[in-house]
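> structure for this input, please:
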Amino acid sequence: MLHSVIMAGGIGARFWPISRRRKPKQLLDLLGEGSLMEQTMERIAPLVPPERRWIVTSRPQVEMIRSVTADLRENRFIVEPMGRNTAPAIGLSAVHLLHSDPDAVMIVLPADHRIQDLAAFRECLRKAVEMTEQSERLATIGITPTRPETGYGYIQTDRTAKELAPGVWRVKTFAEKPNAATAKLFLESGEFLWNSGIFVWRADVIMRQLAEFQPKWYGGFQEIAQALGTPDEDEVTRRVFSVLKGISIDYAVMEYAPQVVVVQGTFDWSDVGSWDEIWRLLPRDADGNATRGTARLVQSKNNMVLAKEQMIALVGVEDLIVVDAGDAILICPRNQSQRVRAIVDELEKRNEEPYL
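This is a model prediction of the structure:
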């Protein structure tokens, strides 16, 4: 049967000072459309019934997420004892799904994306399910790029082979976030898609791939599987996660697996990964400024201002991000917004808990 697994373990450090431990990115309404988590749950709802929807997250976030997922069953939260990147989160989820349903097919998707054309999105997922439910294939969704974006990873399709189905290609390689010149070459080649981080596969297949390419993690998952439903479950899971290194699913499996396919998506998509992306998504005035709250801008262009408790004024500046969270204010160049997480790292070093 078809299941969905929503990955919701992060705090969204690049969205400090709005995103905090007590209210992480996926629970924020960054665009005036409801929280990203609520949108993710709504877009998957027509495909997967509530009893087969799962969320993998950290223990502190369970109650916060429960407040916006009223129809999710109590036992559909998969708790990571600590963050170890996407491969361990996916492997742990597969262990739980196989315990519940040995024939489980998994749709794995992040909790914090924005997708506009829901019909096209669901059609992509249906194609991916068709490609994987009776095979050993691993499927991912790749987005048709609209600009030479340096903030996304890329997937190179194998155009020397025929499409497996309309819009479905074999994957040639995965590429990390490129520099501007390389991103331009990717776009011009017509072979590259943005890596959405959305996956579809059978739970037993992904476990076999983990056994082959990540045997240490697979051994840990087998220990957890044997402990499920026993008093030792939490302790075993914590021990496994504490001794093994984190790794992304791309590095762990997707770059090596022999049968990886990508379904090409043409819908509007954003991973909502930085304040610069929020500026791009918000309505802007004739000077390219995006504002919320009380803001006054004079001879200023292409700025984003989110005001909360006081009026914010800008004069004669361009390409700035200004975010007021009430107890903290962020100011940075738009093209440096990917580095905001460095502030969170600094606050953690100084144990400045009120701002984390």
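> which residue is nearest the centroid of this structure?
By CA atoms, centre = their mean, the chain has its centre lying nearest to P110, at 3.4 Å.
> packing partners of the lowest-mean-pLDDT helix or strand in the chain?
Every helix and strand in the chain was compared by mean pLDDT, DSSP states H and E; the lowest is helix 59-66, with a mean of 90. Here helix 59-66 touches strand 77-80, going by 3 or more CB pairs under 8 Å, 6 or more residues apart in numbering; DSSP states H and E. Placement of C-beta: from N, CA and C, glycine included.
> one step back: phi first, then psi, for the residue nearest to the centre of the chain.
As for P110, its main-chain torsions (degrees, to the nearest 10) stand at phi -70, psi 160.
> got a list of what it touches?
I6, M7, A8, T40, G197, I198, D271 (CB atoms under 8 Å, 6 or more residues apart in numbering).
> tell me how far it lies from Y355.
Remark: distance between P110 and Y355 (CB to CB, to the nearest Å) = 25 Å.
> surely L109 is within a helix?
No: counting by DSSP: H, G, I helix; E, B strand; the rest coil, L109 is not part of a helix but strand.
> wait, it sits on Q26?
No: taking contacts as CB atoms under 8 Å, L109 lies outside contact range of Q26: 11.5 Å.
> looking at those two, which is more packed in?
Legend: neighbour count by other CB atoms under 10 Å for L109 and Q26, higher for Q26 (31 against 23).
> wait, a strand at that one?
No: Q26: not assigned to a strand; according to three-state DSSP it is helix.
> quick one: contacts for it?
Contacts for Q26 (CB under 8 Å, 6+ apart) come out as A8, G10, G12, S35, L36, M37, T40, I65, A111, D112.
> helices of the protein, start to end?
In the chain, the helices defined using DSSP state H lie at 36-44, 59-66, 86-100, 118-132, 180-189, 203-213, 215-227, 233-243, 249, 275-281, 341-349.
> can you lay out those as JSON lines showing distance to L330 and mean neighbour count?
Putting the helices of the chain into JSON lines (distance: least, CB to CB, whole Å; neighbours: other CB atoms under 10 Å) gives the following:
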{"stretch": "helix 36-44", "distance to L330": "19", "mean neighbour count": "20"}
{"stretch": "helix 59-66", "distance to L330": "22", "mean neighbour count": "16"}
{"stretch": "helix 86-100", "distance to L330": "27", "mean neighbour count": "23"}
{"stretch": "helix 118-132", "distance to L330": "31", "mean neighbour count": "19"}
{"stretch": "helix 180-189", "distance to L330": "25", "mean neighbour count": "14"}
{"stretch": "helix 203-213", "distance to L330": "38", "mean neighbour count": "19"}
{"stretch": "helix 215-227", "distance to L330": "36", "mean neighbour count": "17"}
{"stretch": "helix 233-243", "distance to L330": "32", "mean neighbour count": "16"}
{"stretch": "helix 249", "distance to L330": "31", "mean neighbour count": "25"}
{"stretch": "helix 275-281", "distance to L330": "8", "mean neighbour count": "21"}
{"stretch": "helix 341-349", "distance to L330": "7", "mean neighbour count": "14"}
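> TSV for the ones you listed, including distance to R334?
Putting the helices of the chain into TSV (distance: least, CB to CB, whole Å) gives the following:
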stretch	distance to R334
helix 36-44	21
helix 59-66	29
helix 86-100	27
helix 118-132	28
helix 180-189	15
helix 203-213	38
helix 215-227	38
helix 233-243	36
helix 249	30
helix 275-281	5
helix 341-349	16
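> nearest to R21, of those?
Nearest to R21 among the helices of the chain is helix 59-66 (6.9 Å), distances taken as CB to CB.
> returning to what we had before: for the helices of the chain, which one sits closest to T150?
Across the helices of the chain, T150 has its closest neighbour in helix 180-189 (5.2 Å, CB to CB).
> now that closest one: mean pLDDT?
What helix 180-189 shows for mean pLDDT is 96.
> now do it: everything it contacts.
Applying CB under 8 Å, 6+ apart, the external contacts of helix 180-189 come out as P145, R147, P148, E149, T150, Y154, A175, P178, F192.
> closest to R239 out of those residues?
A175 (35.2 Å).
> okay, now R76: neighbour count?
Neighbour number of R76 under other CB under 10 Å is 21.
> contacting residues for it?
If a contact means CB under 8 Å, 6+ apart, then R76 has E51, R53, W54, I55 as its contacts.
> check contacts around the residue nearest to V200 when sequence neighbours are not counted.
Among residues not flanking V200 along the chain, A128 sits closest, at 3.7 Å (CB to CB, 6 or more residues apart in numbering). Shown in contact with A128 (CB under 8 Å, 6+ apart): I107, A139, T140, I141, V200, V263.
> need those residues in JSON lines (columns: distance to W279 and neighbour count).
Shown next, in JSON lines, are the contacts of A128 (distance: CB to CB, whole Å; neighbours: other CB atoms under 10 Å):
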{"residue": "I107", "distance to W279": "30", "neighbour count": "24"}
{"residue": "A139", "distance to W279": "32", "neighbour count": "27"}
{"residue": "T140", "distance to W279": "28", "neighbour count": "24"}
{"residue": "I141", "distance to W279": "25", "neighbour count": "26"}
{"residue": "V200", "distance to W279": "32", "neighbour count": "28"}
{"residue": "V263", "distance to W279": "29", "neighbour count": "27"}
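> could those residues go into TSV alongside distance to T86?
Listed next are those as TSV, based on distance: CB to CB, whole Å:
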residue	distance to T86
I107	14
A139	15
T140	12
I141	14
V200	14
V263	19
